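# 3D model of this:
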Amino acid sequence: MIVYTHSDCLLKDNGFNHPERKERLDSIIESIKQITNFKINFKDAPLADMKIISLVHPKKHIEKIFSNIPKTGLIGIEKEPYADTMLCSKSKNAILRSCGAGIAAADDVMIKNERIFCAIRPPGHHAETTKAMGFCFINNVAVAARYLQKKYKIKKVAIVDFDVHHGNGTQEIFYNDETVAYASSHEFPLFPGTGSEQEKGVGNIFNATLKTGTKGNEFLEIFHQKLLRPLDKFKPEIILISAGFDAHFRDPLANINLESEDYYKITKQIVDLANTHSKGRIISFLEGGYDLLALSESIKQHLFALKN
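Residues are numbered from 1 along each chain as shown. All right, here's what the predicted structure looks like:
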C-alpha cells in the first residue's frame, strides 16, 4: 500500500484552538507507522500542476486565493459566521501538495494497481468550483477524478464520502455529470446545510442523511442501502473515497456515534464494491476528523480494510 503525504502539509497554520490543525496529520502518520503486519510505502506528494487543477477550478480563482496569502499572520477568506478557512504564509505549498497527492495516486493506481491513502491537509470536499470554504481550497478528490477521466479515459468514477459533513463542493462540481457518481453519508442538518436526499443531480447524486446519535449498525445499514446499492448499479471503474473520521463518537464537531472499528466495516463494504466493478482500484483522501485518538485508531481500521 502507498501513503502519500508531505511535510509541507504540517506547516499550514489555522490559528489557536482551530480544529483543523497539524496535530491531526501528526497523529495519523504516527499511527500508520505503527502498522507492522503489511508493508506501507510512504511517498512525498508532489506539487499539483495548475493545468490539472484547472480541470475543476478556473485558474483565476486559484490565483486569487494564492494572491491573498499573507506574509505573516492569518487571513480568513470567508465572511461570518464561518470565517474559519484560513490562509497563512505556508498555505500555498500545503494546498498544492494536498492536491498533488491525488494526482500522483491516480497514476500509481492505474499503472501499479496499488491502493493508496492520501494523508494530506488541508482537506478538499467543501471546495466548490469557484468557492473555498469549510477549511478547503482545492477539491482534491474532484481534481483526481477529472485527471483520471482525461488521462486514462475512465468513463465512470464513483466518489464515496463518509465524512460527517456533506461534501457540498464535490456535489456542486459533479451535479450535472452522469459520468461521476457522488455518494455521501452525513449528519443532517449540520454544516454546510446541503445534502438532502432530494438533491439527486442527474441521477448521479446519492445522499444518505443521518440523525443525531446514529450508531454503527444503523449507519452500516443506511450506508449499504442508500449509497452502495445505487453505486453497484452504476458500476464504477474506480472508486475515490473522501475519508472523514468525524462521525466518530469522540469527535467534537458532530453527533454521530461510530466506533473506531466501524471504519473497518465501512471501508470493507467499499472494497467489496471495488473488487466487483473497479478491478479493486481505490484512492482514499483524508478529509475531516478532529479528535486525535479517534483519528489514530480509525485510520488503522481504514487501512486494514483497504489492504484486504
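
# alpha carbons only for contacts and neighbour counts from here, please
Fine.

# how much space between the residue nearest to Ala243 when sequence neighbours are not counted and Leu96?
Nearest non-adjacent residue to Ala243, counting by CA to CA, 6 or more residues apart in numbering: Leu286, 5.0 Å away. The gap separating Leu286 from Leu96 is 15 Å, by CA to CA, to the nearest Å.

# if I pick the residue nearest to Ala243, what's in contact with it?
117-121, 123, 242-244 (CA atoms under 8 Å, 6 or more residues apart in numbering).

# now those residues as TSV including pLDDT, neighbour count and secondary structure?
What follows is the contacts of Leu286, written out as TSV (pLDDT from 0 to 100; neighbours: other CA atoms under 10 Å; DSSP: H, G, I helix; E, B strand; the rest coil):
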residue	pLDDT	neighbour count	secondary structure
Phe117	98	26	strand
Cys118	98	29	strand
Ala119	98	29	coil
Ile120	98	33	coil
Arg121	98	31	coil
Pro123	98	27	coil
Ser242	99	28	strand
Ala243	98	27	strand
Gly244	98	24	coil
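
# just curious, which of those residues is nearest to Leu303?
The closest of the contacts of Leu286 to Leu303 turns out to be Phe117 (CA to CA; 7.9 Å).

# The closest one touches Ser284, doesn't it?
Yes - under the criterion of CA atoms under 8 Å, Phe117 makes contact with Ser284 at 4.7 Å.

# and the residue most central in space within the chain, what does it touch?
Nearest to the geometric centre of the chain sits Ser242, at 2.9 Å (CA atoms, centre = their mean). By CA under 8 Å, 6+ apart, the residues touching Ser242 are 125, 141, 159-163, 284-287.

# remind me which residues of this structure are low pLDDT?
80-82 (pLDDT under 70).

# Could you point out the helix or strand that follows the helix or strand where Lys268 lies?
Using DSSP states H and E, Lys268 sits within helix 262-277. Next along the chain after helix 262-277, taking DSSP H and E as the criterion, comes strand 282-286.

# Report the distance from that following strand to the chain centre.
From the chain centre to the centre of strand 282-286 is a distance of 7 Å (CA atoms, centre = their mean, to the nearest Å).

# now stretch 180-199
Per CA atoms, centre = their mean, the centroid offset for stretch 180-199 relative to its chain is 14 Å.

# what sits up against that stretch?
By CA under 8 Å, 6+ apart, stretch 180-199 touches 134, 156-168, 170-171, 174, 204-212, 223, 227, 231, 234, 254-256.
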